[in-house]
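Trainee: Fold the following.
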Amino acid sequence: MTTETDAGALRKRVRGWMMFDFASQPYNTLLLTFIFGPYFATVVGDPVAAQSMWGFAIGFAGLAIALLAPVLGALADASGRHLGWIWFFSGLYILGAAALWWAVPDADGVTLILVAFCLGLIGMEFATIFTNAMLPTLGPRDEIGRISGSGWALGYVGGVIALVIMLLLFAENASGVTLLGQPPLFGLDPETREGTRFVGPFTAIWYAVFMIPFFLWVRPVRRAAVEGIPLGRALRALGDTLRRLPETPGFTAYLGASMLYRDALNGLYTFGGIYAVGVLGWSVIDVGVFGILAAVTGAIFAWIGGRLDRARGPKPVITGCVLALLVATVAVVTVSPTSVMGLPVAEGSSLPTIAFYVIGAVIGAAGGSLQASSRTMLVRQANPDRITEGFGLYALAGKATAFLAPFLIGWVTLASGSQQLGILPIAGLFIGGLILLLWVKPEGEAAWSARPSSV
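Mentor: Numbering: from 1, shown residues only. The predicted structure is shown next:
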């Protein structure tokens, strides 16, 4: 029987777990998408070259994550030491983000800037894997979708708040003032873009502060003590899972589908700001306002999607979101300063900007629900006895083509000399994901319990 004390402890554990989303989201919102990504184009000077370099760097980081995620997931399951890994990768997150302060305009050390960014990105991704693996311990199966959706919504709220703070107080435009029309706070020098560069240390501080509730309230589930680092046992368990994939076609199809549609979504997030700067001539502040709109719709629809997930299951939510994102991707390519949806517009018309805002709202809404329901679908599909390993494979699936999509965008952009044509590979990834979803079983695999593990 669950006591009132136990119920209270579980509620606190759930709230602490949700705070990871709140703490970590600014790396995506501020650095990857809306502030540092577009600013990086000014560091390089050439928007086309910046988009290409950005794509290659994130591609290499994705490859490293893809190779290591399943092994580290299996190792965490074998050792039961999830929190230790979260501490370690949180350190990488903070170091990588803080180092972006040195991304001065026209910097010679562009490679070092990209290395620092990718180090923090790797830290964020791996901390997410181990945190997501705790999801099944937070409530009964029929509540997991609601919890995941609420956590993702809280993450978007954190991203919005952090973005508003940066735009109002720190990130300066070409005139050297913030959205409030004032110089950056703390006497930061607009000439060397110190206000915008502060986004790195700000993101690091934000994460360090708001992870405190997580580390205070989320205690590890008690398991039998394990001596040493059980790498051999972890690798045998991972090998056993990989050998059994043909026996679980629904799980395998889901890994493939999520590999494609999540890579496509990340492509939209990663290159959306750079696209707006290069094609529409937006400033960093313009992109930030666009980001606020997308994050607000993301928060609202992540919460709504969590309720739909609880009522209908995650698969219908995922399918509907991927369809919406496919339409939005095609629409993005049709928007330029001179045309919208293939129709010419007058010079100086605000219609392209309005159209891009609408598309951004759709991407935010569908992306929020998609990501929240995707991790609840993984909980249904993966072996419940090796859930961190499952999330490691999920990360592998998300990163196996994560290096291909940025590379393709980089190559197509470079070959065509057009940022608009460079976005087109994203549409193909969404279509591939929709096709593979046809083979995914909504309630997951029965084969995991069909025979005992050989490990």
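Trainee: In stretch 248-257, which of the residues would be classed as buried?
Mentor: Using 16 or more other CB atoms under 10 Å as the test for burial, stretch 248-257 gives T248, G250, F251, T252, A253, Y254, L255, G256, A257. Placement of C-beta: from N, CA and C, glycine included.
Trainee: where does the stretch 101-250 of the chain have low pLDDT?
Mentor: Along the stretch 101-250 of the chain, the parts satisfying pLDDT under 70 run over 107, 220-238, 240-241.
Trainee: Would you reformat the buried residues of stretch 248-257 as CSV and include secondary structure?
Mentor: Putting the buried residues of stretch 248-257 into CSV (DSSP: H, G, I helix; E, B strand; the rest coil) gives the following:
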residue, secondary structure
T248, coil
G250, helix
F251, helix
T252, helix
A253, helix
Y254, helix
L255, helix
G256, helix
A257, helix
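Trainee: Return the backbone torsion pair for W439.
Mentor: phi -100, psi 0 (degrees, to the nearest 10).
Trainee: What does the pLDDT read for the closest residue to it other than its chain neighbours?
Mentor: Nearest residue to W439 in three dimensions, chain neighbours excluded: A253, at 3.7 Å (CB to CB, 6 or more residues apart in numbering). Looking at A253, its pLDDT stands at 90.
Trainee: again, but for T42
Mentor: At T42, pLDDT is 69.
Trainee: Same check on E347?
Mentor: pLDDT, read off for E347, is 79.
Trainee: That one: how many residues sit nearby?
Mentor: Using other CB atoms under 10 Å as the criterion, E347 is surrounded by 7 other residues.
Trainee: got the contact list for it?
Mentor: Applying CB atoms under 8 Å, 6 or more residues apart in numbering, we find E347 in contact with P337, T338.
Trainee: Would you check how far apart it and W17 are?
Mentor: Going from E347 to W17 by CB to CB, to the nearest Å gives 51 Å.
Trainee: one step back: and which of the buried residues of stretch 248-257 is nearest to F407?
Mentor: When the buried residues of stretch 248-257 are compared for distance to F407 (CB to CB), G256 wins out at 19.0 Å.
Trainee: do you know how far that closest one is from K315?
Mentor: Distance from G256 to K315, by CB to CB: 15 Å.
Trainee: same check, this time on A276
Mentor: From A276 to K315 the distance is 32 Å (CB to CB).
Trainee: more crowded one of these two?
Mentor: Legend: neighbour count by other CB under 10 Å for A276 and K315, higher for A276 (25 against 18).
Trainee: Can you tell me the element the more buried one falls in?
Mentor: helix 249-280 (DSSP states H and E).
Trainee: and after that helix, which helix or strand comes next?
Mentor: Following helix 249-280 in sequence order, the next helix or strand is helix 284-312 (DSSP H and E).
Trainee: Report all helices and strands that that following helix contacts.
Mentor: helix 36-44, helix 141-169, helix 249-280, helix 314-333, helix 351-381 (3 or more CB pairs under 8 Å, 6 or more residues apart in numbering; DSSP states H and E).
Trainee: angle of it against helix 36-44?
Mentor: 150 degrees (axes from the mean of the first three to the mean of the last three CA atoms, to 10 degrees).
Trainee: tell me which residues of helix 284-312 are tucked away?
Mentor: 284-292, 294-306, 308-310.
Trainee: and if you look at stretch 142-151?
Mentor: Applying 16+ other CB under 10 Å to stretch 142-151 flags I144, G145, R146, I147, S148, G149, S150, G151 as buried.
Trainee: how near is the third one to A153?
Mentor: Read it as R146. From R146 to A153 the distance is 10 Å (CB to CB).
Trainee: what is in contact with these two at once?
Mentor: In contact with both R146 and A153: G306, using CB under 8 Å, 6+ apart.
Trainee: immediately after the strand or helix carrying A415, which helix or strand?
Mentor: Assigning secondary structure by DSSP H and E places A415 in helix 404-416. The first helix or strand that comes after helix 404-416 along the chain, using DSSP H and E, is helix 419-422.
Trainee: Go ahead and name everything in contact with that next one.
Mentor: By CB under 8 Å, 6+ apart, the list of residues contacting helix 419-422 reads 47-48, 51, 271, 274-275, 278-279, 333, 336, 409-410, 412-413, 416.
Trainee: nearest to F430, of those residues?
Mentor: Using CB to CB, the shortest approach to F430 within the contacts of helix 419-422 belongs to V333, at 13.0 Å.
Trainee: Not counting sequence-adjacent ones, nearest residue to the closest one?
Mentor: Closest to V333 by CB to CB, 6+ apart is Q420, at 5.2 Å.
Trainee: Is it correct that P337 is in contact with G281?
Mentor: Yes - judged on CB atoms under 8 Å, P337 makes contact with G281 at a distance of 7.0 Å.
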